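Chemist: A structural model of the following input is requested.
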Amino acid sequence: MSDKTSGKREDLLAGGSRHHQIFPKLNDAQFAVLERYGERRKLSAGDVLFTEGDRHVPMYAIVSGTIEATRGSGENLHFLGAHGPGSFTGEVGTLAGRGAVASARNE
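Modeler: Okay, here's the model as predicted:
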């Protein structure tokens, strides 16, 4: 695999050679720690977790299923990636008080 992708959905899902560094996976011990600070939620297909521009976006740790991240809307909607079991979401901008740069929904 290469470090570069074409931006196509299938290439983004495959990841590059550094994919594991950019999107690390949580292990069972890490999930156990997180459960002390959060709550489990069951989502339905299409449920929106957060929308571009939202402030104070929480972290989501994915136990099962897939979350899809996108940016833009309508004809300008761009697929950014998908996160599956063991993955987590988070917005660095939240720490600085900025709005989310992407939207995320349950697939």
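Chemist: measure the residue nearest to the spatial centre of the chain to residue 74 for me?
Modeler: Of all residues in the chain, the one closest to the mean position by C-alpha atoms, centre = their mean is residue 89, 4.1 Å from it. Distance, residue 89 to residue 74, using C-beta to C-beta, to the nearest Å: 23 Å. Backbone N, C-alpha and C define where each C-beta goes, glycine included.
Chemist: check residue 32 too.
Modeler: Per C-beta to C-beta, residue 32 is found 41 Å from residue 74.
Chemist: between the two, which one's more packed in?
Modeler: Ranked by neighbour count (other C-beta atoms under 10 Å), residue 32 and residue 74 place residue 32 first, with 10 against 5.
Chemist: quick one, phi psi at that one?
Modeler: phi -60, psi -40 (degrees, to the nearest 10).
Chemist: could you check the pLDDT of it?
Modeler: For residue 32, the model assigns a pLDDT of 91.
Chemist: which non-adjacent residue is nearest the residue nearest to the centre of the chain?
Modeler: In this structure, residue 89 finds its nearest non-sequential neighbour in residue 60, 4.6 Å apart by C-beta to C-beta, 6 or more residues apart in numbering.
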